[in-house]
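need a structure here:
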Amino acid sequence: MIGYVTVGTNDMEKAAKYYDALLAEMGAKRFMEMDTFIAWSNDPAGCGFSITKPFDGNPASVGNGVMVAIAVDSTEKVDKLYAKAIELGGTDEGAPGARSDNFYAGYFRDLDGNKLNFFCMS
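You can find the predicted model right below:
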């Protein structure tokens, strides 16, 4: 149902480098790029992830309560991707672990403060 998710950034170059390295761990590559917008996907027919400078010209800010959840197929991948996000300069918002009987997730904030997680259902 979700086609793509976009988060704002105030530093395109820095954010692009962060997401190039992080999303490459999932096999995602850039598939669309403009001066103020970059999008990645690991499945051209599936969901995409993008960063953008806000259209209105105001600084990007983090939405309180907003989070992007990225599905992967194993707890090992959640652990690996979460560790990569932190290694690249992201900050911890909840270390990887079971949140319920069949939900496993690791939460982090990117370089602009956007909250994301990698999760899997077992």
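
now the closest residue to Ser122 other than its chain neighbours. Its backbone dihedrals?
Nearest residue to Ser122 in three dimensions, chain neighbours excluded: Asn102, at 5.1 Å (C-beta to C-beta, 6 or more residues apart in numbering). Glycine gets a C-beta too; all of them are placed from N, C-alpha and C. Backbone torsions of Asn102, given as degrees, to the nearest 10, read phi -130, psi 20.

please shift the residue numbers so they start at 12 in all later answers.
All set: I'll call the first residue 12, so the last point we hit is now Asn113.

which positions in the host helix or strand of Ala94 come out as buried?
According to DSSP states H and E, Ala94 maps onto helix 86-98. Going by neighbour count (16 or more other C-beta atoms under 10 Å), the buried part of helix 86-98 is 86, 88-96.

quick one: contacts of that helix?
32-33, 36-37, 81, 83, 103, 106-107, 115-119, 121, 127, 129-131, 133 (C-beta atoms under 8 Å, 6 or more residues apart in numbering).

just checking, which of those residues belong to helices?
Mapping the contacts of helix 86-98 onto helices (DSSP state H) picks out 32-33.
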